[in-house]
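Novice: test case, fold it:
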Amino acid sequence: MKKILAMLLLAVPALSPAQSIFGSEWAGDRELPLTWGIGANFFTMYQDYELTRLDFDLPGVVVQDPSLLDVSNDVWHGDLKLDVWLLPFLNVFVVAGYIDGDTQVDISALQLPLPFTEFMVDYDGVSYGVGATLAFGGEGWFGSLTGVYTETDLGGDFESSVEAVVLQPRLGIVRGPWQHWLGAMYLDTEERHRGTIELPFVGDVPFDIELQEKDEWNFAVGTRYEFSKKFDASLEIGVGDRQTTLLYAGYRF
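Specialist: You can find the predicted model right below:
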């Protein structure tokens, strides 16, 4: 069970007003990036999860407070992104990709009469989403706010659903072909997994799990290099209770 989301997030910050389909005259005499873009993202994330629901179909076993459990989530995600500048300050995009992750649940705190203390759920599937970036800036600086909504179709033996909303504010500086920024990530995930899992010494056990992120915010630092008006690449590292890595390479036309 994993939040994709994250994945998402996968929007490279806009660093200046952009050449756009509508309203390019609003940018005055500023040099504008090319209107269309296509790129590839590689995203990893590790974070603590929080169980909001945990049901086991085991006689005599009742979980009173699932929030007591320690849950960790590890995921990697790759996707393709297609974007367009509709206005000099508004970029919209779609993403589609593949996600692979695992969630480890430690149930030792519940002191249940079971011959094990933890179990693992592995998953993978296809993710897709839409988003937008609002951008503004001046001589040598920029700011942006990116919002992304994603869904994931997970395969495997479980009936699963994951939806995520991501917000990413960024503020940075421009130094020639380089841009550097500080930012943050807000992640709101709704995730549910239902099915049957094989547990040691027990056999097949039906379960129903609902999860959400333990911490909604984490900080980030990033850098971008523009090789030309057509090619650029960036790297962003998320720090705090949620650790993320986002690597992007793109082409504009």
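Novice: where do the strands sit along the stretch 151-253 of the chain?
Specialist: Assigned by DSSP state E, counting those that start in this stretch, the stretch 151-253 of the chain shows strands spanning 159-175, 178-199, 203-213, 217-226, 231-239, 243-252.
Novice: would you agree residue 127 is in contact with residue 96?
Specialist: Yes. Assessed by CB atoms under 8 Å, residue 127 is found in contact with residue 96 at 7.2 Å. Every C-beta, even on glycine, is put in place using the N, C-alpha and C of the backbone.
Novice: if you count surrounding residues, which of these two has more?
Specialist: The residue with more neighbours, out of residue 127 and residue 96 and counting by other CB atoms under 10 Å, is residue 127; that gives 24 against 13.
Novice: what secondary structure does that one sit in?
Specialist: Under the three-state scheme (DSSP: H, G, I helix; E, B strand; the rest coil), residue 127 adopts strand.
Novice: ok, it to residue 171 distance?
Specialist: 28 Å (CB to CB, to the nearest Å).
Novice: and for residue 76?
Specialist: Distance from residue 76 to residue 171, by CB to CB: 28 Å.
Novice: same thing with residue 78?
Specialist: 28 Å.
Novice: who's residue 83 bridged to?
Specialist: For residue 83, the beta-bridge partners under DSSP bridges are residue 37, residue 93.
Novice: that one touches residue 130, doesn't it?
Specialist: No. Residue 83 is beyond contact range of residue 130, at 10.6 Å (criterion: CB under 8 Å).
Novice: now do the shared contacts for those two.
Specialist: 92-94 (CB atoms under 8 Å, 6 or more residues apart in numbering).
Novice: filter those residues to the buried ones?
Specialist: The neighbour count (16 or more other CB atoms under 10 Å) marks residue 93 as buried among these.
Novice: and the shared contacts of residue 83 and residue 130, which is closest to residue 107?
Specialist: Residue 107 lies nearest to residue 94 out of those, by CB to CB, at 39.0 Å.
Novice: now do that closest one, the pLDDT please.
Specialist: At residue 94, the model reports a pLDDT of 97.
Novice: ok, it touching residue 128?
Specialist: Yes. Between residue 94 and residue 128 there is a contact at 7.4 Å, judged by CB under 8 Å.
Novice: now residue 55: closest residue in space that isn't a chain neighbour?
Specialist: Of all residues not flanking residue 55 in the chain, residue 208 sits nearest, at 4.2 Å (CB to CB, 6 or more residues apart in numbering).
Novice: what sits against that neighbour?
Specialist: Residue 208 makes contacts with 53-55, 192-194, as judged by CB under 8 Å, 6+ apart.
Novice: equivalent analysis for residue 145, please.
Specialist: Counted by CB under 8 Å, 6+ apart, residue 145 has contacts 133-134, 167-170.
Novice: can you list those residues in CSV and add distance to residue 225 and pLDDT?
Specialist: CSV is the format used below for the contacts of residue 145 (distance: CB to CB, whole Å; pLDDT from 0 to 100):
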residue, distance to residue 225, pLDDT
133, 19, 96
134, 23, 95
167, 25, 96
168, 19, 96
169, 22, 97
170, 16, 97
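Novice: buried subset of those as a ChimeraX selection?
Specialist: In ChimeraX syntax, the buried subset of the contacts of residue 145 is picked out as below (16+ other CB under 10 Å):
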select :133,167,168,169,170
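Novice: for residue 253, state which of the contacts of residue 145 is nearest.
Specialist: residue 133 (18.2 Å).
Novice: if I look at the closest one, how far off is residue 91?
Specialist: 4 Å.
Novice: for the residue lying closest to residue 216 once chain neighbours are set aside, which residues are in contact?
Specialist: Nearest non-adjacent residue to residue 216, counting by CB to CB, 6+ apart: residue 186, 5.7 Å away. By CB under 8 Å, 6+ apart, the contact list for residue 186 reads 166-168, 216-217.
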